[in-house]
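Engineer: structural data only, the sequence is not supplied:
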């Protein structure tokens with residue numbers, strides 16, 4: 001019996017800030033972390049997860065964090081991403097959106113095929129392999145929990161939830177680790193360069209202080225419109241739910257932000273008293289960067305790595321093959337299909353987040369790459385929409401068909 005140590009929400013949030021400082025400090029000082037595009041929150045979050053795991057085995061302590069602030073941070077991030085997205089860039093990237101949806105959909109079927117084949121090989125119900133396929137990897141924690149009751153009560157597959165959560169845990173870490181190196185490798189191998197006249201969607205370039213134009217009025221406007229986007233996003237989410245679709249809450253906030261930016265540019269292109277995009281953009285970018293960093297740090301510091309032990313053999317083989325398949329598919333198929341340019345390389349950094357982690361992981365990977373090399377505006381519109389909207393719908397259909 002291990003002693004339980006519970007860390008309350010305020011202390012957990014404060015610790016996440018300290019870990020994010022640690023991650024940023026290490027990323028600035030350790031060149032390989034920057035060169036391979038490892039997101040700064042991953043460094044700090046994984047340090048905490050490893051320390052907690054050591055305490056579990058060495059001291060008999062089970063540390064649990066109250067991470068209540070984490071989900072709100074995610075909503076602020078996607079609202080900011082929406083407001084920073086120019087709808088005209090989305091129309092220009094229409095082909096990229098369609099192609100990425102098709103590629104991600106085909107890959108979900110491949111994921112499930114590998115999972116079901118290995119489940120059969122281990123003498124398990126083949127449908128259990130779906131829990132280490134698109135349910136947990138493309139779908140994430142929410143999709144895993146949503147399908148667990150069906151797999152245990154209807155299909156009679158014991159331990160389906162634990163299997164899916166373990167796969168999601170490994171996938172989340174792997175997605176954070178492989179995205180940056182894949183993009184960096186492609187950028188070095190092919191002569192692709194970013195646009196020099198585009199600003200970063202999240203964060204700033206390493207060592208760049210030229211865009212720090214924060215002012216009181218601009219930041220106050222940024223906070224105000226982000227709160228409006230959250231309220232509007234809640235309404236959009238409720239409207240979508242009436243159609244029977246169960247989408248993550250951040251989808252409504254992302255769509256609300258995009259809608260507000262489009263209306264603001266249309267009705268007040270030169271800015272008004274309350275809508276001054278040029279003035280509030282630096283504040284929105286800063287809030288977006290901090291929210292994403294703290295969210296991902298908190299997501300990783302809450303990982304319970306010891307939960308992998310009972311299913312280590314099956315999970316290790318399955319996830320090794322799933323990760324290898326993501327790397328090969330991204331470098332050989334996705335990069336070519338998305339145009340073989342800089343935007344394609346940044347999208348490749350996010351593809352691991354689409355297929356192994358979460359939308360936040362995908363954006364964190366892309367942010368790490370763009371901070372090193374430069375902006376990729378189309379990628380930051382296309383990838384969140386594919387992750388947060390289209391893929392959830394298609395994944396539900398794929399799971400339903402393959403689970404029978």
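Structural biologist: Ah, there it is. Quick caveat, the model's predicted, so the values are computed rather than measured.

Engineer: please, where are all the helices along the stretch 51-200 of the chain?
Structural biologist: Remark: helices assigned in the stretch 51-200 of the chain by DSSP state H, counting those that start in this stretch are 70-83, 87-92, 94-121, 140-149, 160-189.

Engineer: right, so those helices: which one is the most enclosed?
Structural biologist: helix 70-83 (a mean of 25; mean count of other CB atoms under 10 Å). Heads up, the C-betas are built off the backbone N, CA and C, glycines and all.

Engineer: list the contacts of that one.
Structural biologist: 201-202, 222, 225-226, 229-230, 233, 249-251, 253-261, 277, 284-285, 287-288, 291-292, 294-295, 298-299, 302, 359-360, 363, 380, 384, 388 (CB atoms under 8 Å, 6 or more residues apart in numbering).

Engineer: mind checking how far it is from the chain centre?
Structural biologist: Helix 70-83 has its C-alpha centroid displaced from the chain centroid by 12 Å (CA atoms, centre = their mean, to the nearest Å).

Engineer: for that helix, give the mean pLDDT please.
Structural biologist: Averaging pLDDT along helix 70-83 yields 86.

Engineer: what do you get for stretch 5-20?
Structural biologist: On average, stretch 5-20 scores 93.

Engineer: and if you look at stretch 279-294?
Structural biologist: 89.

Engineer: with stretch 132-151 instead?
Structural biologist: If you average the pLDDT values across stretch 132-151, you get 80.

Engineer: can you give me the end-to-end span of it?
Structural biologist: 13 Å (CA to CA, to the nearest Å).

Engineer: check stretch 53-63 too.
Structural biologist: Using CA to CA, the two ends of stretch 53-63 sit 9 Å apart.

Engineer: go through that stretch and flag the buried ones.
Structural biologist: 53, 55-56, 62-63 (16 or more other CB atoms under 10 Å).

Engineer: looking at these, spot the one nearest residue 143.
Structural biologist: Using CB to CB, residue 53 comes nearest to residue 143 of the buried residues of stretch 53-63, at 25.5 Å.

Engineer: grab the nearest non-local neighbour of the closest one.
Structural biologist: What sits nearest to residue 53 in space, not counting adjacent residues and going by CB to CB, 6 or more residues apart in numbering, is residue 305, at 4.4 Å.

Engineer: low-confidence stretches in the stretch 201-350 of the chain?
Structural biologist: 201-212, 245-248, 308 (pLDDT under 70).

Engineer: just to revisit the earlier point, and the helices of the stretch 51-200 of the chain, which one is worst for confidence?
Structural biologist: helix 87-92 (a mean of 66).

Engineer: burial count for residue 304?
Structural biologist: Per other CB atoms under 10 Å, the neighbour tally for residue 304 reads 16.

Engineer: farthest pair within the buried residues of stretch 53-63?
Structural biologist: For the buried residues of stretch 53-63, and using CB to CB, no pair is farther apart than 53 and 62, which are 10.4 Å apart.
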